[in-house]
Every structure is written in C-alpha cells, then in structure tokens.
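Visitor: For reference, the sequence and a predicted model appear below.
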Number of protein chains: 2
Amino acid sequence: MATARWLTEDEQQTWRAFVRMTHTVMGSLDRQLQRDAGLPHGYYVLLVKLSEAPDRSIRMTELAETLSWSQSRMSHAVDRLVKDGHVVRMPCPTDRRGSFAILTDAGFDTLQRAAPGHVDEVRRTMFDNLTPTEQRQLRRIAERIAGAAER
Amino acid sequence: MATARWLTEDEQQTWRAFVRMTHTVMGSLDRQLQRDAGLPHGYYVLLVKLSEAPDRSIRMTELAETLSWSQSRMSHAVDRLVKDGHVVRMPCPTDRRGSFAILTDAGFDTLQRAAPGHVDEVRRTMFDNLTPTEQRQLRRIAERIAGAAER
DNA sequence: GATCAGTAGTTGAACTCTCAAGTACGCCGG
DNA sequence: CCGGCGTACTTGAGAGTTCAACTACTGATC
C-alpha cells in the first residue's frame, strides 16, 4: 500500500464526528436500557427479534445470523437471558444438534416495559436533532454503508 | 410519558440502518486494528491523542475527558498500555494526586505502523461508499447529533 | 494549623464479547 | 454401515468496560 491515501482535513473531521456520534448515541442507549431494564442494547434487540418471530421462537443459528453475532456470543447471551427468565431453550425436534430460543411471558413484559423509554431515548438522541431531509439523507447513507459491508 | 411517541415505519428503518452501519463500521475497524496492531479502536485513539500532545504526555483526567471515558476505564486502559510498553506513567510534580500518561517511542512506532491500515479501513468502510455531497451531509448530521448530546 | 468537602486516580468484582477448542449430531461416499 | 467432513451449538479463558468502593492528596474555612 506504499504511502497510504491519507485523510484530508475534511475527511478527518467527518470521521471524528462520526465516531463521536456513534459513541454518544449508542452510549446513551446502552445506559438507558441498562438502567431501566437491566439489559444491554444488543440483548434488547435480541428480545425484540424473538418477540417478532412466529411462536416467539427462533433457532440459535438463525438468530445469530440475523443479528450478525457469533454462535458463541449468542450462546453466552442466551445463557444470561435464561438465568433472568426472559428466554427458555427448547431442543429442536427434527435436528438433535439444534435448539430454539423462546421468549417467555416475563421476557415479553420486560420488553414492553422497556420499549417506551427506549423509543424516547432514540428520539431524544437522534430524530429530535434531524430535519426530515436530514433523516432521509442519513437513512440513505446508513443503508449504503451497511450494505457495502455485507459483501 | 404516557403512550410514547412511537417510531414511524420510516424512522424505524432509519434507526435500524443506523445501528447496522455503526456495528459494521466499528466492527471492521476494531477487527482490523486488533489484527494488525493488537489494539482495540479506543486504545488506538488514545495513543493518537497522546501523540498529538506536547511532550506526548497528558494528565490522566484530561485524557479521560477528551475521550469521554471514565477515570476507571482510563486507569485500566493505561495499565494495559504500560504492560505493552506503549505508555509510561509519570507522577505530576505540582499535584501529587495526579499523573501523566506519556507515549513511548515503542508506542509511537506501533501507531505509525498501524496508521496506514487503519486509514485504508476507514476509507473502505466509509468514504469509498459516499459521494462528496453525502460526505458533507454525514458530517453535518454527525456533528449535530454528537453536539446535541453534549449538553 | 485542624477540619472537611472535593479532586485524582486506583482497585476489584461483575458482566460482555472474542477466540479457540471441544462435544454431539447430521449427512454423505464407499 | 462406517469413516469422515460439515453443522449446531457449548465451554472456558482472556480482555475490555462499568460500577461502586477506596486511598491519597488539594484547597478552602474557621
């Protein structure tokens, strides 16, 4: 790569602002969810995915793929959620290697209690600071960048 | 908060794209730096800050404030960087409670070796996917959102 | 100069995430 | 029906982060 294509002053500023943005937004969110529901953001998303699935249950591997998590991470996370009573595991009847994670009623309750505060926090940190135009721009940019990484 | 202001479908999509973007970008960056320099992204930034400071040294508290880190996190991080020989601590002569973190030559070398790959990764995941217009838009949005959180 | 709230930093435990193995099962080709 | 390769997890150790003490010092007050 010889002498790398260095960042221009403007790119530098953009990059640092981007990093600050992600840390402030994700940090606020994590703290809010931890405080109000005792869950990190990732675990909240996990529960949301389960709540949206038929029978509130998803195979571990599929869940891991959906969230772009490693199987190991998923296994540890479900361990914790089982301990808390938010989730139960069920062996897969057709493939004895596999198992399902199933959202319990208690888990669903936690989700419902956490959701309003979560939405407020998302609004407060993001949408309240964006004009409709900026929101469209951000969506387009985010989809482009996230999409590019998926190849 | 009564019945919360729910997210519209469009906001929902924007939000999920945003989360995907931050995870893919920050994830790639962390993996790249971990692989090539044995450092998480935060530690890289820490070393960069030190390298930009007069005498390559900064008071612990000031460093923590600059990075929006807790003092505890800073203390643990510097522990690790000292073990690796990237940083040394020096007691503050005028305030015996305080101490400086100082970037060593070895730390500076690590930084210089890591920088080109890091810049490439930033380009690859971000700037290569943005038109100049989008880059301006992103900078403005990021500064706005990051700025709003600072009050 | 004794007191005492505040500041600077460290420490240890609990938690999450990653990475490398390990276990158990499914699915083949021979 | 039996190796052997791939899949679906699980496990354990190591590293980073947070949170709640805790130590040591400063600066202001009386």
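Guide: On my side now, so go ahead. Numbering: from 1, shown residues only, chains lettered A, B, ... in the order given.

Visitor: Wondering if stretch A:23-38 reaches chain B at all.
Guide: Yes: counting by Cβ under 8 Å from any Cβ of the partner chain, chain B has neighbours in stretch A:23-38: A:23, A:24, A:25, A:26, A:27, A:28. The C-beta positions use only the backbone N, C-alpha and C, and glycine is treated the same way.

Visitor: filter those down to the ones close to DNA strand D.
Guide: Contacts with DNA strand D within the residues of stretch A:23-38 next to chain B, counted by Cβ under 7 Å from any atom of the strand: residue A:27.

Visitor: what's the closest of the residues of stretch A:23-38 next to chain B to residue B:35?
Guide: Nearest to residue B:35 among the residues of stretch A:23-38 next to chain B: residue A:23, at 21.9 Å, using Cβ to Cβ.

Visitor: Would you check that the closest one makes contact with residue B:45?
Guide: No: using Cβ atoms under 8 Å, residue A:23 makes no contact with residue B:45, being 10.2 Å away.

Visitor: Could you pick out the buried ones from the residues of stretch A:23-38 next to chain B?
Guide: Neighbour counting over those (16 or more other Cβ atoms under 10 Å in any protein chain shown) leaves A:23, A:24, A:25, A:26, A:28 as the buried ones.

Visitor: Which members of those residues are positioned in helices?
Guide: Applying DSSP state H to these, the entries found in helices are A:23, A:24, A:25, A:26, A:28.

Visitor: Distance to residue B:144 added to those, as TSV?
Guide: Output for these, formatted as TSV (distance: Cβ to Cβ, whole Å):
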residue	distance to residue B:144
A:23	15
A:24	11
A:25	12
A:26	16
A:28	15
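
Visitor: Return the closest of these with respect to chain B.
Guide: Within these, the smallest distance to chain B is 3.9 Å, found for residue A:24 (Cβ to the nearest Cβ).

Visitor: and the spatially closest residue to that closest one that is not a sequence neighbour, how far is that from residue A:72?
Guide: Nearest residue to residue A:24 in three dimensions, chain neighbours excluded: residue B:149, at 3.9 Å (Cβ to Cβ, 6 or more residues apart in numbering or on different chains). Between residue B:149 and residue A:72 the computed distance is 32 Å (Cβ to Cβ, to the nearest Å).

Visitor: Looking at the two now, which is surrounded by more residues?
Guide: The neighbour comparison of residue B:149 against residue A:72 (other Cβ atoms under 10 Å in any protein chain shown) goes to residue B:149, with 18 against 9.

Visitor: Got phi/psi on that one?
Guide: Main-chain torsions, residue B:149, degrees, to the nearest 10: phi -70, psi -10.

Visitor: List the residues that contact it.
Guide: Applying Cβ atoms under 8 Å, 6 or more residues apart in numbering or on different chains to residue B:149 gives the contacts A:24, A:25, A:28, A:125.

Visitor: Now do the last one against residue B:147, distance only.
Guide: Think residue A:125. Using Cβ to Cβ, one obtains 12 Å as the distance from residue A:125 to residue B:147.

Visitor: The two - which one has more neighbours?
Guide: Shown here are residue A:125 and residue B:147; by other Cβ under 10 Å, residue A:125 has more neighbours (21 against 14).

Visitor: gap between that one and residue A:21?
Guide: Distance, residue A:125 to residue A:21, using Cβ to Cβ: 9 Å.

Visitor: circling back to that earlier point, need the contacts of residue B:149 in JSON lines with pLDDT, can you?
Guide: Output for those, formatted as JSON lines (pLDDT from 0 to 100):
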{"residue": "A:24", "pLDDT": "95"}
{"residue": "A:25", "pLDDT": "97"}
{"residue": "A:28", "pLDDT": "95"}
{"residue": "A:125", "pLDDT": "96"}
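
Visitor: where do the helices sit along chain A?
Guide: Ranges of helices within chain A are A:9-37, A:41-52, A:60-67, A:71-83, A:105-125, A:132-148, based on DSSP H.
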